[in-house]
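In: sequence and predicted structure below; questions after.
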Amino acid sequence: MNENELEQLKEQEGHWVAVSDLMAGLMMVFMLISIVFMVNVETERNKIRDIAILYDHLRTQLYDDLNNEFAADMQRWGAELDKDLAFRFNNTDVLFDQGKAELKPEFADILADFFPRYVNIITQPKYRDDILEVRIEGHTSSAWSGAANEDDAYIRNMDLSQERTRTTLGYVLGLNKVSGNKEWLKSHLTANGLSSAKVVRADNGDENAEGSRRVEFRVRTDADSRIATILENVL
């Protein structure tokens, strides 16, 4: 091997050493980025877990407070409270006349008793800042006498359920006993007519028309929105 070839070989070796050093450096950079990313993901995952635990505890505590307050009343009201914080009025005989949106006197009396006590609980300092929405939901069966077809029945029931929830909202918002919380209620209380979108079904899958006609008061916390914000920051 002559001197020129030896010099060329040394240059090539130097070139490959430089390239390998560069590749090693890049690998270290990528490893550091990956480690930082994994640490951030783990941190955000822990935040999500902590939020889930917090709101599960809040939901359980709120359920217990509501249940303790209304346990003696629910049977005579034809009402029930679910673990998901849906307070459901099922007794169609006292809610509304068929096809009408005006509150029956019996239901108005129940709401006048129920709603101020309900508001006193959910607006306590330990709950009020974590509540995103208090939904009044109106539900119907899928039937409508004289409807042209199923779609027509659904639309008619939608109009009816929405009108009923607005009537209910207007009544409870006007109660003197909730006047001190009216501004909070006006920013959290909503009326939601759902027609037959969530009918009640028996174990065999058949629709329970009577059970489907109901009014629910449902609390939504802001846990979902806070978790969504964390996920957006991660991604």
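Out: On my side now, so go ahead. Residues are numbered from 1 along each chain as shown.

In: what's the distance between S145 and N90?
Out: Per CB to CB, to the nearest Å, S145 is found 21 Å from N90. Any C-beta I mention is one placed from the backbone N, CA and C, and that applies to glycine too.

In: between those two, tell me which one has more neighbours.
Out: Set S145 next to N90 and count neighbours by other CB atoms under 10 Å: N90 wins out with 20 against 8.

In: so what's the more buried one up against?
Out: Listed by CB atoms under 8 Å, 6 or more residues apart in numbering, the contact set of N90 reads 78-80, 211, 214.

In: ranges for the helices of the protein?
Out: Remark: helices assigned in the chain by DSSP state H are 3-70, 74-77, 92-95, 105-122, 125-128, 150-173, 182-188, 209-212, 223-234.

In: pick out the shakiest of these, pLDDT-wise.
Out: Mean pLDDT is lowest for helix 223-234 among the helices of the chain, at a mean of 59.

In: what separation do you get for S195 and N120?
Out: According to CB to CB, S195 stands 32 Å off from N120.

In: compare the two and say which is more crowded by neighbours.
Out: Set side by side, S195 and N120 show more neighbours around S195, with 22 against 15, by other CB under 10 Å.

In: what comes up buried for stretch 67-82?
Out: 70, 74, 77-79, 81 (16 or more other CB atoms under 10 Å).

In: N204: how many residues sit nearby?
Out: Using other CB under 10 Å, the number of residues around N204 comes to 5.

In: picking up where we left off before, from the contacts of N90, which has minimum pLDDT?
Out: pLDDT across those is at its lowest for G211, which sits at 89.

In: contacts only, for that one.
Out: Going by CB under 8 Å, 6+ apart, G211 touches 90, 200.

In: please redo it, this time with the cut-off set to 10 Å
Out: 88, 90, 92, 139, 141, 199-202 (CB atoms under 10 Å, 6 or more residues apart in numbering).

In: out of those, which are inside strands?
Out: Using DSSP state E, 88, 139 are the members of the contacts of G211 that sit in strands.

In: quick check on the contacts of G211: which are buried?
Out: 88, 90, 92, 139, 141, 199-200.

In: in those residues, find the pair that's most separated.
Out: Across the buried ones among the contacts of G211, no pair lies farther apart than R88 and S141, at 15.0 Å, counting by CB to CB.

In: so G170 is in contact with L111, correct?
Out: No: with contact defined as CB atoms under 10 Å, G170 does not reach L111; the gap is 11.1 Å.

In: list residues touching both of those two?
Out: Counting by CB under 10 Å, 6+ apart, the common neighbours of G170 and L111 are L103.

In: which of those two has more neighbours?
Out: Neighbours were counted for G170 and for L111 using other CB under 10 Å; L111 has more, 20 against 11.

In: apart from its neighbours in sequence, what residue is nearest the more buried one?
Out: Leaving aside its sequence neighbours, L111 sits nearest to V172 (CB to CB, 6 or more residues apart in numbering; 5.6 Å).

In: isn't the one you found up against R117?
Out: No: look at V172 against R117 with CB under 10 Å: they stay out of range, at 11.7 Å.
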